[in-house]
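1. My questions concern the predicted model and sequence given below.
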Amino acid sequence: MNAPTPKTILLVSGLSGAGKTTALKTLEDMGWEVVDNLPLLLLERLLDTPVPAGHENLDDRPLAIGIDARTRGFNANAIVQRIKALRSRHGHDIETLFLDCSDMELERRFAETRRRHPLASDRPAAHGLARERELTEPIRRWATHVIDTTSLSSNGLQQEIRNRFSREGLSAPVLTILSFGFSRGVPLNADLMFDMRFLRNPHWDDELRPRTGLDPEVSAYIAEDPAYEESVDRIEQLLAMLLPRYADSGKSYVTIAFGCTGGRHRSVHVAERVAKYLQQAGFSPTVSHRNMESAPQDALEKRRPGGPKAQS
């Protein structure tokens, strides 16, 4: 059998109640492949198993393995030796994260959640904690990373995990730029929404009405509005500042919506322009035009510039 392809592997261990589940879930949201409570005897079999056909890109994902004193065959010294052997034989980049916490805080967490400590089913939690510390001490001593969660909230731990283990391209949120028409309903999944109805409306130009915001003549018409350049430029600067903060907070999906009345002209043009700006800034947006193919309707536009309100 061929040697497994070297992988980035993070062994995640620690005390019960210290946040292992939160850490693994955060890594999974960041794009890691996550396996919890895997018997170490099966680790090499996991690494030797090829990814399914058509999913070869998944082979590049880093791997996080959760293991603690409840794992079958748990022996901290044996685990350390097995990980060292894997690193030596196959060149895997293996690190260990140990989640620690004060006994007082762990006892409070178990009391608050009314859970029993897994190593003290019929005794006080303190007995299980003492036994678990003894069992896991070799891993803690050998760990590459130790995070003490005594004073960390769940969100604080998530942020710490992202800061330490984010990888470019894996933790970035999926970014969607959406154009839509207010008259056809507001998108419910938008994180940020910009109303472009203050810009001059190509719908009331007979030649431009049947076209869309992808047409150069429509774009030029919109760009002639005196408020256009400054307003769109400020929106672009705002997004360049906000999007990294969304990534830092661990948000998986970000949808930025641009609306105009019918969703065919102004919103389409601005969405395309902003998407190009963000691409140049290093982001990877997907552009979607929800109502661009809808038929133009005077009734939806409500009012002709300088004229009476359109009849419904």
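-> Yep, it's here. Numbering: from 1, shown residues only.

2. what about Leu97, neighbour count?
-> Neighbour count for Leu97, taken as other C-beta atoms under 10 Å: 24. For the C-beta atoms, the positions are set from N, CA and C on the backbone; glycine is no exception.

3. Backbone dihedrals for it, please?
-> The phi and psi values for Leu97, taken as degrees, to the nearest 10, are phi -110, psi 130.

4. Next: Leu63.
-> Main-chain dihedrals, Leu63, degrees, to the nearest 10: phi -120, psi 130.

5. distance of it from Ala271?
-> 38 Å (C-beta to C-beta, to the nearest Å).

6. so what's His117 up against?
-> 16-17, 110, 125, 127-129, 132 (C-beta atoms under 8 Å, 6 or more residues apart in numbering).

7. Settle it for me: which of Leu63 and Ala271 has more neighbours?
-> Taking neighbours as other C-beta under 10 Å, Leu63 and Ala271 compare with Ala271 leading, 29 against 19.

8. Let me see the contact set for that one.
-> Ala271 makes contacts with 177-179, 213, 258, 287, 289, as judged by C-beta under 8 Å, 6+ apart.

9. Looking at the residues you listed, which are in helices?
-> Of the contacts of Ala271, none are assigned to helices by DSSP state H.

10. related to what we said a few turns ago, now that we have the contacts of His117, can you turn them into JSON lines and tack on secondary structure, pLDDT and distance to Ile9?
-> Formatted as JSON lines, the contacts of His117 follow (DSSP: H, G, I helix; E, B strand; the rest coil; pLDDT from 0 to 100; distance: C-beta to C-beta, whole Å):
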{"residue": "Ser16", "secondary structure": "coil", "pLDDT": "87", "distance to Ile9": "22"}
{"residue": "Gly17", "secondary structure": "coil", "pLDDT": "88", "distance to Ile9": "24"}
{"residue": "Phe110", "secondary structure": "helix", "pLDDT": "80", "distance to Ile9": "30"}
{"residue": "Ala125", "secondary structure": "helix", "pLDDT": "74", "distance to Ile9": "31"}
{"residue": "His127", "secondary structure": "helix", "pLDDT": "80", "distance to Ile9": "33"}
{"residue": "Gly128", "secondary structure": "helix", "pLDDT": "79", "distance to Ile9": "28"}
{"residue": "Leu129", "secondary structure": "helix", "pLDDT": "85", "distance to Ile9": "28"}
{"residue": "Glu132", "secondary structure": "helix", "pLDDT": "86", "distance to Ile9": "23"}
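
11. So among these, which ones count as buried?
-> 16-17, 110, 125, 128-129, 132 (16 or more other C-beta atoms under 10 Å).

12. Contact partners for the residue nearest the centre of the chain?
-> By C-alpha atoms, centre = their mean, the chain has its centre lying nearest to Ser252, at 2.7 Å. Neighbouring residues of Ser252 by C-beta under 8 Å, 6+ apart: 29, 173-174.

13. Show the low-confidence segments of the stretch 201-312 of the chain, by residue range.
-> 250, 298-312 (pLDDT under 70).

14. Which stretches in it count as helices?
-> Ranges of helices within the stretch 201-312 of the chain are 216-223, 228-248, 266-280, 298-301, based on DSSP state H, counting those that start in this stretch.

15. and among these, the most buried is which?
-> Among the helices of the stretch 201-312 of the chain, helix 266-280 has the highest mean neighbour count (mean count of other C-beta atoms under 10 Å), at a mean of 22.

16. just how off-centre is that helix within its chain?
-> Put simply, helix 266-280 sits 22 Å off its chain's centre (C-alpha atoms, centre = their mean, to the nearest Å).

17. the inter-axis angle of that helix versus helix 216-223?
-> Taking axes from the mean of the first three to the mean of the last three C-alpha atoms, to 10 degrees, one finds helix 266-280 and helix 216-223 inclined to each other by 90 degrees.

18. for the stretch 51-200 of the chain, what spans make up the strands?
-> Counting by DSSP state E, counting those that start in this stretch, the stretch 51-200 of the chain has strands at residues 63-66, 93-100, 145-148, 174-181, 192-195.

19. from the middle of its chain, how far away would the second one be?
-> On the basis of C-alpha atoms, centre = their mean, strand 93-100 sits 22 Å off its chain's mean C-alpha point.

20. what pairs with it, and is each one parallel or antiparallel?
-> Here strand 93-100 has these sheet partners by DSSP bridges: strand 8-14 (parallel), strand 145-148 (parallel).

21. In the stretch 1-150 of the chain, what residue spans correspond to helices?
-> 20-29, 43-48, 76-90, 103-113, 125-142.
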